[in-house]
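Peer 1: Structure of the sequence below:
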Amino acid sequence: MLFLKKGLPAVLGVLLIGACATSHNPESRVVLKNRDFLVVDANTSANFETLARQYLGSKHHAHVIEDANRGITRSGAGGLVSIPLKPLNATSVYSDGYQVVPILCYHQFVEGVKSKSAMQVSARAFGEQMAYLSQNGYQVIPFSRLSEFLDGTRSIPPKSVVITIDDGYKSVYETAFPILRKYGFPATLFLYTDFVGGGAALSWSQIREMQDSGLVDMESHSRTHSSLVRKQDESLAEYKTRISEEISVPEQVVKQRMNRQLQHYAYPFGDTSALVVDSLQARSYSLAATVQRGSNAAFAPPLLLKRNMIYAGDDMRAFTRQLKVFNRVNLQ
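Peer 2: This is a model prediction of the structure:
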């Protein structure tokens, strides 16, 4: 079934007859309510963000109110606004297409403009890319929020983008982290634990500082960063043992070092197999990422998510091509 945007008249039509008016605070006044919706008489200074903070707990849910009030501009005009208390269209499927989410994948960063590897994005380029997202209405959301989108429990902003960084080079802390902090952008750092503490790698104290900032979430990129497909020179039993260790050892290390449980996984080189996917599922991993290019719809397989690699040679035109957020198709 298709889910279509609903405006204020449709909301008023389903509200309980005789719902009583209730005073909330000076910002606005609830005039109608039931278990699914509120209708508020908004203060002239209110916008979608302030209403979302007041009634839905966070300004980041402003898009939910905006979606329910199509055609209304909330720049401070006052008047009636409908506020859904339950998702209207959590999967963001419409008659003219459906929302998709690009996941950007970075590796290393360098301070200068020249890099020795295609994986080394310059500080200048990364800063320009983050500025572009900020200035063009994109909402950078944590990788973990994709779970809500994929299981249909809560919608995400229309121009949502996810930032991930693989491996765990110390340039993440030295170069990327200050830029992420400047814009308040969350990112997920996928680490392979045998690398941590090495000469070019992050230290556990740096990882902990980024984690404590609330912006950088740490998840698993395996133990050794070896390909997780079966090698020709190993038996099936050896392969199963190796896969078990590539999943379980990072769990043990992170539990000991950071006192937290891993929930998400990024396959080294994007390589995976049915055994790896089944093993992650058995251990209650909710999301896992490949490096297959493309954006992800709400019906994407959560343990085979696509990601777009960002390279040193990518100019802004190449970067913007990785930001597809809507797949336009006639679904009527």
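
Peer 1: Just the element for Asn296, please.
Peer 2: strand 295-297 (DSSP states H and E).

Peer 1: Pull up the pairing partners for that strand, direction included.
Peer 2: strand 97-106 (antiparallel) (DSSP bridges).

Peer 1: For stretch 225-244, which residues meet the burial criterion?
Peer 2: His225, Leu228, Arg230, Tyr239, Arg242, Ile243 (16 or more other C-beta atoms under 10 Å). Heads up, the C-betas are built off the backbone N, CA and C, glycines and all.

Peer 1: I'd like the distance from that stretch to the chain centre, please.
Peer 2: Centroid displacement of stretch 225-244 relative to its chain, using C-alpha atoms, centre = their mean, to the nearest Å, is 31 Å.

Peer 1: The stretch 51-200 of the chain: strands as residue ranges?
Peer 2: 79-84, 93-94, 97-106, 108-110, 120-122, 139-140, 160-167, 187-191 (DSSP state E, counting those that start in this stretch).

Peer 1: Show me what counts as buried in the first one.
Peer 2: Pointing back at strand 79-84 there. Leu80, Val81, Ser82, Ile83, Pro84.

Peer 1: show me where the stretch 201-332 of the chain has helices.
Peer 2: 204-212, 236-258, 274-282, 316-320 (DSSP state H, counting those that start in this stretch).

Peer 1: And those: which comes nearest Phe143?
Peer 2: Closest approach to Phe143 among the helices of the stretch 201-332 of the chain is made by helix 204-212 (13.6 Å; C-beta to C-beta).

Peer 1: to the chain's geometric centre, what's the distance from that closest one?
Peer 2: 20 Å.

Peer 1: What is the burial count for Asn259?
Peer 2: 7 (other C-beta atoms under 10 Å).

Peer 1: before we move on, the earlier item: could the buried residues of strand 79-84 be laid out in TSV, adding distance to Glu251 and pLDDT?
Peer 2: Formatted as TSV, the buried residues of strand 79-84 follow (distance: C-beta to C-beta, whole Å; pLDDT from 0 to 100):
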residue	distance to Glu251	pLDDT
Leu80	51	84
Val81	45	86
Ser82	44	83
Ile83	40	84
Pro84	38	80
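
Peer 1: Adding distance to Trp204, write those residues out as JSON lines.
Peer 2: As requested, these are exported to JSON lines (distance: C-beta to C-beta, whole Å):
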{"residue": "Leu80", "distance to Trp204": "53"}
{"residue": "Val81", "distance to Trp204": "47"}
{"residue": "Ser82", "distance to Trp204": "48"}
{"residue": "Ile83", "distance to Trp204": "43"}
{"residue": "Pro84", "distance to Trp204": "43"}
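
Peer 1: what about the chain, any weak spots by pLDDT?
Peer 2: By pLDDT under 70, the low-scoring segments of the chain are 1-27, 71-78, 87, 113.

Peer 1: thinking again about what came up before, looking at the helices of the stretch 201-332 of the chain, which is closest to Glu219?
Peer 2: helix 236-258 (8.8 Å).

Peer 1: Which elements pack onto the closest one?
Peer 2: Judged by 3 or more C-beta pairs under 8 Å, 6 or more residues apart in numbering; DSSP states H and E, helix 236-258 is in contact with helix 204-212, strand 216-220, helix 274-282.

Peer 1: Please identify the deepest-packed of these.
Peer 2: strand 216-220 (a mean of 22; mean count of other C-beta atoms under 10 Å).

Peer 1: and the angle for it with strand 187-191?
Peer 2: Relative orientation of strand 216-220 and strand 187-191, computed by axes from the mean of the first three to the mean of the last three C-alpha atoms, to 10 degrees: 30 degrees.

Peer 1: quick one, strand 216-220 and helix 274-282 angle?
Peer 2: Going by the same axes, to 10 degrees, strand 216-220 makes 130 degrees with helix 274-282.

Peer 1: now strand 216-220 against strand 160-167, angle please.
Peer 2: 60 degrees.

Peer 1: Kindly export strand 216-220 (C-alpha atoms) in CSV.
Peer 2: Only the C-alpha atoms of strand 216-220 are listed here, as CSV (Å, rounded to 0.1, in the frame of the first residue of the first chain):
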residue,chain,number,x,y,z
VAL,A,216,31.3,9.6,16.7
ASP,A,217,30.0,6.1,17.2
MET,A,218,32.5,3.2,17.1
GLU,A,219,31.5,-0.1,15.5
SER,A,220,33.2,-3.2,14.0
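
Peer 1: That one versus helix 204-212: what angle between them?
Peer 2: Orientation of strand 216-220 against helix 204-212 (the same axes, to 10 degrees) gives an angle of 120 degrees.

Peer 1: Residues touching strand 216-220, excluding its own?
Peer 2: 142-144, 177, 180, 186-193, 207, 210-211, 247, 250-251, 254, 258, 260, 262-266 (C-beta atoms under 8 Å, 6 or more residues apart in numbering).
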